[in-house]
Every structure is written in C-alpha cells, then in structure tokens.
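1. Here is the input, now give the coordinates:
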Amino acid sequence: MRERLPKVYSHELVELIFVQPYCRIQNLVEAGMAHRETASKTLKDLAGLDVPQQVQAGREKLFIHPKFIELLKSDAHPFKEYAKPPSSRARATPPALRRKR
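-> Numbers count the residues shown, from 1 in each chain. Next up, the predicted model:
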C-alpha cells in the first residue's frame, strides 16, 4: 500500500482499516482522518488495490476485507499475500522479516 498509494498511506489509516474486517467511510471521518469526500476517495483507491472490496449496504458503502475475514475464521491462519507492485529494482527483504515456510 505504501508503495502503490504513497499519498494515501499513513500508519493511522492502516491501523484503522485493520481494526475490524470492514471499514465505513464514516470510520475515517469520525477518526478525524479526512472529510467525507476524501475518505470516500481514499477507500475507493484502496479497493482498486483489492485490499478491501467495496460493497453497497443500503445507503452506505462498506469496504470488506475478505483476506482478513478468512484469517480471523481460520485456525491455521494461512494467508495469501497481496500482489507485489511492479518495480524497476528488486528490494531484498531483511532476514528478520522473512516468513518461515
């Protein structure tokens, strides 16, 4: 997310959208992170990355995190990583952050 949407990324946003398996535009507004229009655009931009999926629920739009829901439901906690953004240079993952297989 940081690499593909650097203008949108913030630690507070990541924290907020992963507190529960869905997020509403109003969640961003109530957290004081953005006005309604900006919050809507931000969540739609994230939906373009397939982080959350936009779902219409009555008059409200919900942004659902299917991978997060599966992670919460699973005992084994398998997780398929998000697609890597194309980059002109490869970045090495520090050994401490590499996943054990």
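2. give me the element residue 23 is part of.
-> Assigned by DSSP states H and E, residue 23 belongs to strand 22-24.
3. quick one: that strand to chain centroid distance?
-> 10 Å (Cα atoms, centre = their mean, to the nearest Å).
4. Just after it, pick out the following helix or strand.
-> helix 25-30.
5. Would you mind listing the buried residues in that following helix?
-> 25, 27, 28, 29 (16 or more other Cβ atoms under 10 Å). All C-beta spots, glycine's among them, are computed from the backbone N, C-alpha and C.
6. what about the strand holding residue 23, average pLDDT?
-> Mean pLDDT, strand 22-24: 91.
7. Show me what secondary structure element comes after the lengthiest helix in the chain.
-> Counting by DSSP state H, the longest helix found in the chain is helix 36-48. Downstream of helix 36-48, the next assigned helix or strand under DSSP H and E is strand 53-57.
8. Secondary structure element holding the nearest residue in space to residue 27 that is not next to it in sequence?
-> Excluding the flanking residues, the one nearest residue 27 by Cβ to Cβ, 6 or more residues apart in numbering is residue 16, at 6.2 Å. Per DSSP H and E: residue 16 is located in helix 11-17.
9. follow-up on the earlier one: the strand holding residue 23 packs against which elements?
-> Applying 3 or more Cβ pairs under 8 Å, 6 or more residues apart in numbering; DSSP states H and E, we find strand 22-24 packed against strand 60-64.
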